[in-house]
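> Requesting a structural model of the entry that follows:
(one chain, ligands or ions: 1)
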Amino acid sequence: MSAEPKKAGQSRAAACLFCREPLRDTVVDLGKSPLCETYLEPSQLNDMEPFYPLHAYVCRECWLVQVEKYVTPEGIFTDYPYFSSYSDSWLAHAKRYVDDMMARFRLDASSQVVELGSNDGYLLQYFVQYGVSVLGVEPASNVAEAAIAKGLSTEVAFFGRDTAGRLRDRGLRADLICGNNVLAQVPDVNDFVAGIKLLLADSGVCTIEFPHLVRTVEGNQFDQIYHEHFSYFSLLSVERILAAHGLALFDVEELPTHGGSLRIFACHDDAERLEAPTPEVDELRQREQNLGVESLDYYSTFSARVKKTKRDLLRFLIDANDRGAHVVGYGAPGKGNTLLNYCGIRTDLLAYTVDRNPLKQGRFLPGTHIPIHHPRRIAQTRPDFVLVLPWNLRAEIARQLAFVRDWGGRLVVPIPRLEVLDDVTIGDNA
Ligand SMILES: [Zn+2]
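As a prediction, this is how the structure comes out:
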């Protein structure tokens, strides 16, 4: 099923990525933004910069929440600046997952594990420690090279029917397929899931992790929405997509990662060892139905809460700057770019940000042109406030930045609501 990116001037309703129904119902309209992973070199600052509508819809037919497609996967994944290994907590999460899967599905040295969107090998390296055969599939060649340098075999390709067929022709079938934070970034979700069906061994298991739509909506996490994230899944919507391709969901776990994620477990729907669904599946299905995830009402107050977050953050930044306070950012995640562009925050309100990823240092945030420095800059300039853009890692970052308190500096998180950490008075006012 092909879905071409929408061209400028095209005004007809886009079609649902899964069921092709026209999209008419808005979840939130975040205006226009540049692609949030396009970090700019100093030499690009005076160039024209493309901005695209960032508008999330819900499909009335299958209830998949999605943004319109303005970007091709090729556009996203050339020179992709995201290396998973830069986050300590993400590495710990990956290691726990591997230990769990080894024990639960009795994997051993004869097993084959395939990871879709394997990035720099942050996860597969732990399977290798168990002696398991691994293969990563990763479209971004610069991050795939980092995995290959670690000795992890990696197919540099987009995943879908074609890649799955090619791997199968080489005699490869996967006992475990894992896809962590990759499904949302797939423009053709039908082709991707059909590929999983093709590559999965008869008794194989597939696990997929993605931010949970319910947490995105209820946690006011509108900055999870960006052009490179095409889909936003509930349990109900992902189960419907899997079922359409002959895969049955049999377990689900709720995880704290990325502001609240789901890890779903699926197998062939005709498998001999088709597992009985766990009580957790039924419980969450019921909870989503009771919340009304498959009704327009559920989405009706989201926009108003997003606008309130913008006003609160701007009020805080304007007040702080009026008082002569020095305000900087921490982190340069994709979500930060949605937030800063939607709120119109530039260097007049936020002097700079920092990031541990050396590929981002020395570059500028897209749209807002806020410079990205090495984290040491914070100790050098001793700011009064540090706005934590990857708020989902606030505990980890608060530990890393504990030294900011030495000169009376404070951390600020913007979501789910503006909060100045360790300072109740300002937090209440803001
Ligand atoms: Zn649909």
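> Tell me, how many residues neighbour residue 245?
Residues contacting residue 245 under the criterion other CB atoms under 10 Å number 18. For the C-beta atoms, the positions are set from N, CA and C on the backbone; glycine is no exception.
> so it touches residue 197, yeah?
Yes: A contact is recorded between residue 245 and residue 197 when judged using CB atoms under 8 Å, the distance being 5.0 Å.
> can you tell me the average pLDDT over stretch 305-323?
Along stretch 305-323, the predicted local confidence has a mean pLDDT of 97.
> measure residue 280 to residue 344 for me?
42 Å (CB to CB, to the nearest Å).
> and the residue of the stretch 151-300 of the chain found nearest the ion, what is it in contact with?
With CB to the ion as the measure, residue 237 is the residue of the stretch 151-300 of the chain nearest to the ion, at 8.4 Å. Contacts for residue 237 were tallied using CB atoms under 8 Å, 6 or more residues apart in numbering; they are 18, 62, 63, 64, 65, 213.
> Helix or strand: which one has it?
Counting by DSSP states H and E, the secondary-structure element that holds residue 237 is helix 235-244.
> after that helix, next one along is what?
strand 247-255.
> Please compute how far that following strand lies from its chain's middle.
Its chain's C-alpha centre lies 19 Å from the corresponding centre of strand 247-255 when counted by CA atoms, centre = their mean, to the nearest Å.
> Tell me the helix or strand right after the longest helix anywhere in the chain.
In the chain, taking DSSP state H as the definition, the longest helix is helix 302-322. Tracing the chain C-terminally past helix 302-322 and defining elements by DSSP H and E, one meets strand 327-330 next.
> and residue 125, what element?
Mapping residue 125 onto the secondary structure by DSSP H and E places it in helix 124-128.
> now residue 285
Per DSSP H and E: residue 285 is located in helix 279-291.
> Pull out the buried positions in that helix.
281, 284, 285, 288 (16 or more other CB atoms under 10 Å).
> just checking, what packs against that helix?
Secondary-structure packing of helix 279-291 (3 or more CB pairs under 8 Å, 6 or more residues apart in numbering; DSSP states H and E): helix 213-218, helix 235-244, strand 247-255.
> With mean pLDDT as added columns, please give these in JSON lines.
As requested, the helices and strands packed on helix 279-291 are arranged in JSON lines below (pLDDT from 0 to 100):
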{"stretch": "helix 213-218", "mean pLDDT": "96"}
{"stretch": "helix 235-244", "mean pLDDT": "98"}
{"stretch": "strand 247-255", "mean pLDDT": "96"}
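> Now stretch 163-182: average pLDDT?
Averaged over stretch 163-182, pLDDT sits at 96.
> low-scoring stretches of the stretch 251-400 of the chain, by residue?
271-273 (pLDDT under 70).
> Pull the number of nearby residues for the residue of the stretch 301-430 of the chain found nearest the ion.
When distances are taken as CB to the ion, the stretch 301-430 of the chain reaches nearest to the ion at residue 302, 18.5 Å away. Look at residue 302: counted by other CB under 10 Å, it has 19 neighbours.
> Contacts only, for it.
If a contact means CB under 8 Å, 6+ apart, then residue 302 has 27, 28, 217, 220, 222 as its contacts.
> what does residue 134 give?
With contacts defined as CB under 8 Å, 6+ apart, the neighbours of residue 134 are 112, 113, 114, 115, 124, 127, 128, 152, 153.
> out of these, which are buried?
The neighbour count (16+ other CB under 10 Å) marks 112, 113, 114, 115, 124, 127, 128, 152 as buried among those.
> would you say the third one is within a strand?
Yes: secondary structure assignment (DSSP: H, G, I helix; E, B strand; the rest coil) places residue 114 inside a strand.
> any idea of the pLDDT on it?
The predicted local distance difference test score for residue 114 is 98.
> so where does residue 92 fall, helix or strand?
According to DSSP H and E, residue 92 maps onto helix 88-104.
> what does residue 47 give?
Taking DSSP H and E as the definition, one finds residue 47 inside no helix or strand.
> got a list of what it touches?
Listed by CB under 8 Å, 6+ apart, residue 47 has no contact partners.
> Ok, residue 201 next?
Applying CB under 8 Å, 6+ apart to residue 201 gives the contacts 112, 173, 174, 175.
> Out of these, which sit inside strands?
Helix and strand membership here follows DSSP state E; of the contacts of residue 201, those in strands are 112, 174, 175.
> how many neighbours does the last one have?
Counted by other CB under 10 Å, the residues lying close to residue 175 total 22.
> Settle this for me: it is touching residue 206, isn't it.
No: using CB under 8 Å, residue 175 makes no contact with residue 206, being 10.2 Å away.
> in the stretch 1-150 of the chain, which spans are strands?
Assigned by DSSP state E, counting those that start in this stretch, the strands in the stretch 1-150 of the chain fall at 25-33, 52-58, 65-67, 112-116, 133-137.
> For the closest residue to residue 206 other than its chain neighbours, pull up the helix or strand it's in.
With CB to CB, 6 or more residues apart in numbering as the measure, residue 177 is the residue that lies nearest to residue 206, at 4.3 Å, once sequence neighbours are left out. Secondary-structure element containing residue 177, defined by DSSP H and E: strand 174-180.
> Any chance of the contacts of residue 201 in CSV with distance to residue 186 as columns?
Output for those, formatted as CSV (distance: CB to CB, whole Å):
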residue, distance to residue 186
112, 22
173, 21
174, 17
175, 22
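> The residues you listed: which ones sit near the ion?
Filtering these for proximity to the ion by CB under 5 Å from the ion leaves nothing.
> which one of those is nearest residue 397?
Proximity of the contacts of residue 201 to residue 397 (CB to CB) peaks at residue 174, which lies at 35.3 Å.
> Thanks a lot, catch you later.
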